[in-house]
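Engineer: with the sequence up front, the predicted model follows.
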Amino acid sequence: MKQMIIVAIGLMMIGAGCNTKISQSKPDVQLPNDKTIVFVGQGCTHCEIVADKIYGNPKFSSIDVREVFHNQDNAAMLVKAIQTCNLNFSTAGVPLLWDGRTCVQGDEKIIKLLNDLPTN
């Protein structure tokens, strides 16, 4: 229950902007290491840029886009990704790409990574 409250507070803090402080709770969440996830927040313009690049492009059909401002489970996964990548909680935020091993943060870096992916 305490973890749920901490994650909820973290969600509210994330919801205030794209790059705000995130709760440093340690949710009992497993991150998949076999899929790429892009964490986004509704209303975040940087997130919209990344999501627009992914949606409708068959090259990126395997990328899972997860909204974190209004979904507690996705927010917990974002917290876990931030912890796993040893990112600074005071500057971590969305958009954030998790590829199963590492994190890439920020729309420009994520778009560059997506553009550099080989075409199948």
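Structural biologist: Received, thanks.

Engineer: centroid residue for this structure?
Structural biologist: Phe39 (2.3 Å; CA atoms, centre = their mean).

Engineer: what residues does the strand or helix carrying that one touch?
Structural biologist: Here Phe39 sits within strand 37-40, counting by DSSP states H and E. Residues outside strand 37-40 that contact it (CB atoms under 8 Å, 6 or more residues apart in numbering): 31, 47-48, 50-51, 54, 63-68, 74, 77-78, 81, 94-98, 110. In short, each C-beta sits where N, CA and C put it, glycine included.

Engineer: rerun at 6 Å
Structural biologist: Here strand 37-40 makes contact (CB atoms under 6 Å, 6 or more residues apart in numbering) with 47, 50-51, 63-68, 78, 94-98.

Engineer: out of those residues, who's nearest Pro118?
Structural biologist: Nearest to Pro118 among the contacts of strand 37-40, counting by CB to CB, is Ile63 at 14.1 Å.

Engineer: count the residues that sit near the closest one.
Structural biologist: The number of residues packed near Ile63 is 20, by other CB atoms under 10 Å.

Engineer: any idea of the pLDDT on it?
Structural biologist: Looking at Ile63, its pLDDT reads 93.

Engineer: check contacts around it.
Structural biologist: By CB under 6 Å, 6+ apart, the neighbours of Ile63 are Thr36, Val38, Ile54.

Engineer: I'd like the distance between the residue lying closest to it once chain neighbours are set aside and Ser90.
Structural biologist: Leaving aside its chain neighbours, Ile63 sits nearest to Thr36 (4.8 Å; criterion: CB to CB, 6 or more residues apart in numbering). In this view, Thr36 and Ser90 are 25 Å apart by CB to CB, to the nearest Å.

Engineer: now swap in Asp116 and tell me
Structural biologist: 29 Å.

Engineer: show me which of the two is the more surrounded one.
Structural biologist: Ser90 (11 against 7).
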